[in-house]
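Peer 1: Any chance you can model this:
(one chain, ligands or ions: 1)
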Amino acid sequence: MERYIIKGGTHLQGEVEISGAKNAALALLAAAVMADETVTIDNLPDVSDINALIDTIAEIGAIVERVNRHCVKINGSTISSCVVNNEQVKKIRASYYLLGALLGKFSHAQVTLPGGCNIGSRPIDQHIKGFKMLGADVKIEHGMIIADAGDEGLKGNHVFFDVVTVGATINVMLSAVMAHGNTIIENAAKEPHVVDVANMLNSMGARIKGAGTDVIRITGVEKLHKSEYTVIPDQIEAGTFMFAAAATKGNILVKNVIPKHLEAITAKLLETGCYIEEYDDAIRVIGGDNLNATHVKTLPYPGYPTDMQPQMAVALTLANGTSTITEGVYENRFKYVDELTRMGADIKVEGNIAIITGVDKLTGAQVNTPDLRAGAALVIAGIMADGITIVEDIVYIRRGYERFEEKLRGLGAIIEIVDSDKEIQKFKLKVS
Ligand code: EPZ
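Peer 2: Numbering: from 1, shown residues only. Below is the predicted model:
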């Protein structure tokens, strides 16, 4: 089992290039199958969730041509199956986007229930409600979601979500693009990736207005055509490196970002006493001495993102005073707290609130990765800590961070991948 080994104590310095947004790219890949012409998607992050979805799209019969590690051409005219049920796709959350895309295109889809990070209950009732509102019959049988709109196909309707959900907003948008008539999605999610998906679909001939606000209006079209599209930069990868600068008292220029997408993160870093320089497509974060304690609640965009919650918690473990993080999106996203406690952090969890009292230092330990973002946060903790940290289960981190260890090494971190005790000993000898 591969794991990271880290010798802590580095102030990260230098420049890092941010990859394309994983959560946008997953939806864009699904959207691409809806056209009967070739859709080229560039700036895809080279991460395992993306590669699993590309393989799945090829398996259902689409023509998939990998131009390079970051670019793929997809032609959905040859799709021969609307059943998505392979082992890989069971592990990724975004497999459900194929449900919306295939249902929209073929009026029928069958997709295995989604997996993804274990961060609490993750219902899909709003996706199902949306599909039903558009006229589909939806049932769950033998671990599959089966949606069918019969011979008549989907019909546009008014869909009002009970909660703000990125996944259901994108999924219902996908299904409505080729439905008969008009669809209005209310209480829609406003995340940058919702806008990115709408932009790509519009470039393929869809008629979507209002993405990025809480009301999205869609006029159904008969077919979608070819397009060439570039994925937006990953706001969460960018935020992770921004907090890595803050946490390690470093100085990092985070390049290839859209600063507007990072405003909630930038605002929190300023509150904690970091110095920020903003450019057109880059942000420099300079960590001060000790950070100031702060309080945050995670919320849908434009609020502070839940996907940036563990990274912030790690930075606040050494802050002056007591901070609180209230998790407002998921019920169980504090699984990493026990691991940080093993490294000397003082964190108590009461319900959906983590109370973090700053300590003088963290010390290296062997820690387990509970999920993708927490895994990245534990790596940052390892870079902050005295001594050696081993982060287990890095398969989670690889789902969403491209070449994470390489990018960190470029900033001065001492981090390697090891998969045997012998390699661990070798690393320890090298850094002693
Ligand atoms: C997306 O998950 C992301 N995943 C998550 O990123 C991210 O944490 C989340 O959005 C919030 O920003 C992908 O894009 C693949 P939601 P998603 O639907 O779409 C409730 C990461 O680390 N809800 O916006 O599944 C739900 O329980 C991952 O990259 C319902 O009640 O999230 C949650 O409380 C982890 N019913 C809230 O809405 C539904 O039908 C937001 O979930 C759907 C959601």
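Peer 1: Check whether Ile390 really touches Arg3, as I assumed.
Peer 2: Yes. Taking contacts as CB atoms under 8 Å, Ile390 lies within contact range of Arg3: 5.6 Å. The way it works is simple: take the backbone N, C-alpha and C, and place the C-beta from them, glycine included.
Peer 1: So for the two, which residue has more residues nearby?
Peer 2: Arg3 (21 against 17; other CB atoms under 10 Å).
Peer 1: Quick check: Gly364 vs the ligand, distance?
Peer 2: 25 Å (CB to the nearest ligand atom, to the nearest Å).
Peer 1: do the same with Gly100
Peer 2: 12 Å.
Peer 1: Now for that residue, how many residues are close by?
Peer 2: Neighbours around Gly100, by other CB under 10 Å: 30.
Peer 1: And Glu65, by the same measure?
Peer 2: 12.
Peer 1: Ok, Gly303 next?
Peer 2: Neighbour count of Gly303, defined by other CB under 10 Å: 15.
Peer 1: Stretch 21-41: how far from the chain's middle?
Peer 2: Centroid separation for stretch 21-41 versus its chain: 16 Å, with CA atoms, centre = their mean, to the nearest Å.
Peer 1: How about stretch 328-337?
Peer 2: Averaging C-alpha positions (CA atoms, centre = their mean) puts stretch 328-337 15 Å from its chain's average.
Peer 1: One more: stretch 191-201?
Peer 2: Distance of stretch 191-201 from its chain centroid, counting by CA atoms, centre = their mean, is 14 Å.
Peer 1: For it, which outside residues touch it?
Peer 2: Applying CB atoms under 8 Å, 6 or more residues apart in numbering, the contact partners of stretch 191-201 are 21, 23-24, 27-28, 31-32, 34, 39, 41, 166, 169-170, 173-174, 177, 188, 206, 208, 211-212, 216, 224, 227, 229, 231-232, 235, 258, 261, 300-301.
Peer 1: let's see 7 Å
Peer 2: With CB atoms under 7 Å, 6 or more residues apart in numbering as the contact definition, stretch 191-201 has outside contacts at 21, 23-24, 27-28, 31, 166, 169-170, 173, 177, 188, 208, 211-212, 227, 229, 231-232, 235, 261, 301.
Peer 1: One more: stretch 86-96?
Peer 2: Here stretch 86-96 makes contact (CB under 7 Å, 6+ apart) with 26-27, 49, 52-53, 55-56, 59, 84, 111-112, 114-116, 124, 127, 167, 171.
Peer 1: Show only the entries of those found in helices.
Peer 2: 26-27, 49, 52-53, 55-56, 59, 127, 167, 171 (DSSP state H).
Peer 1: before we move on, the earlier item: restrict the contacts of stretch 191-201 to those near the ligand?
Peer 2: Residues of these in contact with the ligand (CB under 6 Å from any ligand atom): 23, 166.
Peer 1: Tell me which of the contacts of stretch 191-201 fall in helices.
Peer 2: Of the positions in these, 23-24, 27-28, 31, 166, 169-170, 173, 235 sit in helices, assigned by DSSP H.
Peer 1: Ala282: what's its closest spatial neighbour, skipping adjacent residues?
Peer 2: Using CB to CB, 6 or more residues apart in numbering and skipping the chain neighbours, the partner closest in space to Ala282 is Lys255 (4.6 Å).
Peer 1: Next: Gly61.
Peer 2: In this structure, Gly61 finds its nearest non-sequential neighbour in Ser80, 3.6 Å apart by CB to CB, 6+ apart.
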